[in-house]
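sequence? don't have it. structure:
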């Protein structure tokens with residue numbers, strides 16, 4: 001179940017019907033979210049729009065399996081993957097129902113968009129090819145050129161641009177478990193860049209709209225926050241602080257996003273948690289019998 005929470009962990013509303021949801025992405029104005037949901041056939045997902053009140057609208061259909069939507073900076077379009085044959089290619093389309101998709105990038109590899117830069121010039125995505133794990137790639141929308149950003153033996157993913165476009169936050173498992181890293185971004189240029197590990201046992205990074213705060217989630221479902229400061233050619237990260245605890249989705253990872261102001265969170269949580277009746281635990285109950 002997709003559910004909205006405030007910064008203190010209080011559930012505000014549920015969004016849409018229960019189902020198998022993918023990674024949600026909240027619109028630049030903070031009022032809507034785009035997210036894929038697997039349909040009744042149990043294998044084909046389509047894109048839905050969810051609003052802050054909980055209403056849901058399916059905006060894509062057809063035979064292709066779709067997912068990982070990301071918003072254009074003006075909130076009028078989304079980019080997403082669609083599976084054609086064995087490949088996951090990248091498309092873009094208006095969020096208006098019935099709009100026609102535009103093919104942005106096609107090749108034999110699997111590609112999963114994770115963010116659209118605020119200057120509209122780049123889409124960052126994870127790519128998995130034959131014999132490789134996930135790598136970070138970027139697509140220049142001006143000339144439709146694709147190039148690697150982090151191409152290593154480790155698995156990198158869930159990359160997101162800082163609001164000013166100067167930094168890229170992403171997760172990598174090079175330490176043996178997922179952590180969040182931040183490195184400079186200056187376009188699709190080759191060369192190794194200095195980077196900073198800013199998390200403690202977590203991934204799935206998200207920025208606040210002013211770039212001064214970064215969020216991530218631990219594997220046990222804690223939403224974490226840390227301050228980010230730029231200076232001396234690098235970044236300085238504050239001590240991570242827990243905002244609230246969610247209940248982890250069994251055998252996977254909660255998927256979430258945060259509004260641009262950092263005040264509301266859309267989180268994928270187990271259905272039984274949203275409808276659970278509170279349990280009262282009575283201790284020392286045998287003494288109560290003597291009263």
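Okay, I see it. No experiment lies behind these values; they were computed from the predicted model shown.

how about the contacts made by residue 164?
Neighbouring residues of residue 164 by CB atoms under 8 Å, 6 or more residues apart in numbering: 118, 211. Backbone N, C-alpha and C define where each C-beta goes, glycine included.

same thing but at 10 Å, please
Residue 164 makes contacts with 117, 118, 119, 185, 207, 210, 211, 230, as judged by CB atoms under 10 Å, 6 or more residues apart in numbering.

mind checking which of those are buried?
Buried members of the contacts of residue 164, counted by 16 or more other CB atoms under 10 Å: 117, 118, 185, 207, 211, 230.

still on that earlier bit, kindly reformat the contacts of residue 164 as CSV containing pLDDT and distance to residue 198.
CSV is the format used below for the contacts of residue 164 (pLDDT from 0 to 100; distance: CB to CB, whole Å):
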residue, pLDDT, distance to residue 198
117, 97, 20
118, 97, 20
119, 96, 24
185, 94, 15
207, 98, 12
210, 96, 17
211, 95, 13
230, 86, 13
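
export those residues to JSON lines and tack on distance to residue 37 and secondary structure?
Output for the contacts of residue 164, formatted as JSON lines (distance: CB to CB, whole Å; DSSP: H, G, I helix; E, B strand; the rest coil):
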{"residue": "117", "distance to residue 37": "26", "secondary structure": "coil"}
{"residue": "118", "distance to residue 37": "27", "secondary structure": "coil"}
{"residue": "119", "distance to residue 37": "30", "secondary structure": "coil"}
{"residue": "185", "distance to residue 37": "31", "secondary structure": "coil"}
{"residue": "207", "distance to residue 37": "25", "secondary structure": "strand"}
{"residue": "210", "distance to residue 37": "31", "secondary structure": "coil"}
{"residue": "211", "distance to residue 37": "31", "secondary structure": "coil"}
{"residue": "230", "distance to residue 37": "37", "secondary structure": "strand"}
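
just the closest of those residues to residue 16, please.
Nearest to residue 16 among these, counting by CB to CB, is residue 207 at 25.0 Å.

that closest one touches residue 170, doesn't it?
No - in this structure residue 207 lies outside contact range of residue 170 using CB atoms under 10 Å: 11.7 Å.

now do the shared contacts for these two.
Counting by CB under 10 Å, 6+ apart, the contacts common to residue 207 and residue 170 are 115, 160, 182.

name whatever forms a beta bridge with residue 257.
When assigned by DSSP bridges, residue 257 has beta-bridge partners residue 266.

give me the neighbour count for it.
By the measure other CB atoms under 10 Å, the count of residues near residue 257 is 22.

same thing with residue 55?
Per other CB under 10 Å, the neighbour tally for residue 55 reads 12.

measure it to residue 2 for me?
For residue 55, the distance to residue 2 equals 12 Å [CB to CB, to the nearest Å].

equivalent analysis for residue 240, please.
For residue 240, the distance to residue 2 equals 25 Å [CB to CB].

neighbour count winner among the two?
residue 2 (27 against 20).

quick check: that one touching residue 18?
Yes - taking contacts as CB under 10 Å, residue 2 lies within contact range of residue 18: 8.7 Å.

one step back: just the ones in strands from the shared contacts of residue 207 and residue 170, please.
Judged by DSSP state E, those include 115, 160, 182 as members of strands.

filter these down to the buried ones.
For those, buried by 16+ other CB under 10 Å: 115, 160, 182.

now the first one. Nearest residue, chain neighbours left out?
The shortest distance from residue 115 to any non-neighbouring residue, by CB to CB, 6 or more residues apart in numbering, is to residue 160 (4.4 Å).

check contacts around the one you found.
25, 70, 114-117, 124, 167-171, 180, 204-207, 214, 257.

ok, it to residue 118 distance?
Using CB to CB, which is the criterion applied here, residue 160 is 11 Å from residue 118.

can you show me the strands along the stretch 1-150 of the chain?
Applying DSSP state E, counting those that start in this stretch to the stretch 1-150 of the chain gives strands spanning 2-6, 11-15, 25-26, 32-38, 45-51, 56-58, 65-71, 77-84, 87-94, 102-105, 110-116, 122-128, 135-140, 145-150.
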